[in-house]
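Asker: What follows is a predicted protein model with its sequence.
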Amino acid sequence: MALKFVRFYGYRGLRIVKGSMQYVWDDSGRKYLDCHAGHGAAFLGHSNPAIVEAVVRQARELVAASSSFSTPSLEEALTEFSRIAPPWAEEIVFLNTGTEAVEAALKAAWLATGKRGIVALKNSFHGRTLASLSVTWNPRYREGVPVLNTRFLSPSTDPGEVEKLVPEDTAAIIVEPIQGEGGLTRIDAELAKALREAADRVGALLIFDEIQTGFGRTGRVWAHESLGVEPDIMTAGKSIAGGLPASAVLSREGVLATLASGRHGSTHAANPLSMAAVAAASRFLREEGVPDKARTAGALLEGLLRDRIEGLRLVRGVRGEGLMLGVELRLDPGPVLRCLQESERVLALKSGATVVRLLPPYSISREDAEMVAYGLEQCICGGFGC
């Protein structure tokens, strides 16, 4: 008897068998425009040839190695990722998943500061393992789990009030530049500056979670570049290995060093296959000008969405940046997502309670963007009336 696969997410009733850049095909040969992209991980496209070639070449040479050893693929990944890393970063560790990166970042903050308090934002999402879940807002995810005590601030907090809301025992303040699960809410630059000042005042470390926003998706290599604030730690993931499992934590000098000598570990950290993919993805991002292309494609898609659907009575508005866009509705987006998939052959996902989230690969074309805008209009008007 075959084991029953337990799904973490609701089953979409689709068996995907093939992908190429911004498109996927099901087992009946139907083609879909993928604005889900594996929760954004396929930002550089499904089976991007540059990354596939690097992984196949590496698979013939070496598949597994502990980070106790150096490997050519790790050395290449360090070289290529350093070329796109933010200028303040001095240390890096490569891990496997976003939640693992957040766990390491928080542990480093605790060890570096000797403090235990955490401050995060309401509607945040940082993962579902124990420490990362502790800074994830959704009470449904946290129910029944003995999470750590976190002080949550509203994303709309008056910057002038922040100083009074960050206690002296704070080790880390963790923030997403744009809240991926929280309705695509962008942190205000003044609030980011106030959080930076509060961290400095109490001796805490500021963490920017760029697992979803980073690596070019918003039209910049790193979304926090537009805030005028530098963190002490940054997490990255999802698309940094072209869709393969990989994540990274970057820090100022001496922060991640607290995790050395066995204080932290991961069997598959800096895995040769993933490192080959990280090197190829980083090089591709830079040489192909992916952030600029994402900014241009995102502006086109946003404009088409505003023209097509922003005036509809069930649409509150369009938000986001680059190719991280959301359409806020006045109802649960579930029926709209089903209609997009079944009738319009567009895959998308949910953000918050009422937002249709669009995370397409950078290679989305004008025709694709028109397909998304038209499909949303048809699914909203056809299902609920304009």
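Answerer: Sure, I can see it. Residues are numbered from 1 along each chain as shown.

Asker: Please state the backbone phi and psi of the residue nearest to residue 15 when sequence neighbours are not counted?
Answerer: Leaving aside its sequence neighbours, residue 15 sits nearest to residue 27 (CB to CB, 6 or more residues apart in numbering; 4.5 Å). Backbone N, C-alpha and C define where each C-beta goes, glycine included. The phi/psi pair for residue 27 (degrees, to the nearest 10) reads phi -70, psi 0.

Asker: and residue 27, what pLDDT?
Answerer: Note on residue 27: pLDDT of 97.

Asker: Can you get me a residue count around it?
Answerer: Residues near residue 27, counting by other CB atoms under 10 Å, number 10.

Asker: same check, this time on residue 92
Answerer: Neighbour count of residue 92, defined by other CB under 10 Å: 18.

Asker: Check for me that residue 162 belongs to a strand.
Answerer: No - going by DSSP: H, G, I helix; E, B strand; the rest coil, the assignment for residue 162 is helix, not a strand.

Asker: any idea which residue sits dead centre in this structure?
Answerer: residue 212 (1.1 Å; CA atoms, centre = their mean).

Asker: dump the residue contacts of it.
Answerer: By CB atoms under 8 Å, 6 or more residues apart in numbering, the contact set of residue 212 is 39, 40, 98, 176, 178, 180, 238, 324, 359.

Asker: Spell out the secondary structure type for residue 195.
Answerer: Secondary structure, three-state DSSP: residue 195 is helix.

Asker: still on that earlier bit, can you tell me the element the residue nearest to the centre of the chain falls in?
Answerer: According to DSSP states H and E, residue 212 maps onto no helix or strand at all.

Asker: try residue 379
Answerer: In this assignment (DSSP H and E), residue 379 forms part of helix 366-384.

Asker: Show the model's pLDDT score for residue 263.
Answerer: The score at residue 263 is 87. That number is its pLDDT.

Asker: got the contact list for the closest residue to residue 91 other than its chain neighbours?
Answerer: Take residue 91 and drop its neighbours on the chain: the residue closest to it by CB to CB, 6+ apart is residue 256, 4.2 Å away. By CB under 8 Å, 6+ apart, the contact set of residue 256 is 91, 92, 93, 104, 108, 233, 249, 250.

Asker: how close does the closest residue to residue 266 other than its chain neighbours get to residue 369?
Answerer: Among residues not flanking residue 266 along the chain, residue 95 sits closest, at 5.5 Å (CB to CB, 6+ apart). According to CB to CB, to the nearest Å, residue 95 stands 34 Å off from residue 369.

Asker: do residue 42 as well
Answerer: Distance from residue 42 to residue 369, counting by CB to CB: 17 Å.

Asker: what's the answer for residue 113, then?
Answerer: Using CB to CB, residue 113 is found at 45 Å from residue 369.

Asker: Could you do residue 383 as well?
Answerer: For residue 383, the distance to residue 369 - CB to CB - is 22 Å.

Asker: Settle it for me: which of the two has more neighbours?
Answerer: A count of neighbours by other CB under 10 Å puts residue 369 above the other of residue 383 and residue 369, at 23 against 14.

Asker: got the CA coordinates for stretch 201-221 in PDB?
Answerer: What follows is stretch 201-221, C-alpha atoms only, in PDB (Å, rounded to 0.1, in the frame of the first residue of the first chain):
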ATOM      1  CA  ARG A 201      19.500  52.600  20.800                       C
ATOM      2  CA  VAL A 202      18.900  49.300  22.500                       C
ATOM      3  CA  GLY A 203      21.800  47.400  21.000                       C
ATOM      4  CA  ALA A 204      19.600  45.100  18.800                       C
ATOM      5  CA  LEU A 205      20.200  43.900  15.300                       C
ATOM      6  CA  LEU A 206      18.000  44.900  12.400                       C
ATOM      7  CA  ILE A 207      17.000  42.000  10.100                       C
ATOM      8  CA  PHE A 208      15.600  42.500   6.700                       C
ATOM      9  CA  ASP A 209      13.800  39.300   5.400                       C
ATOM     10  CA  GLU A 210      14.300  39.400   1.600                       C
ATOM     11  CA  ILE A 211      13.400  35.800   1.000                       C
ATOM     12  CA  GLN A 212      10.500  36.800  -1.300                       C
ATOM     13  CA  THR A 213      11.400  40.400  -2.200                       C
ATOM     14  CA  GLY A 214      15.000  39.900  -3.000                       C
ATOM     15  CA  PHE A 215      17.100  38.800  -6.000                       C
ATOM     16  CA  GLY A 216      15.600  41.200  -8.500                       C
ATOM     17  CA  ARG A 217      11.800  40.600  -8.100                       C
ATOM     18  CA  THR A 218      10.900  44.100  -7.100                       C
ATOM     19  CA  GLY A 219      13.000  45.700  -9.900                       C
ATOM     20  CA  ARG A 220      16.000  46.100  -7.600                       C
ATOM     21  CA  VAL A 221      18.400  43.400  -6.600                       C
END
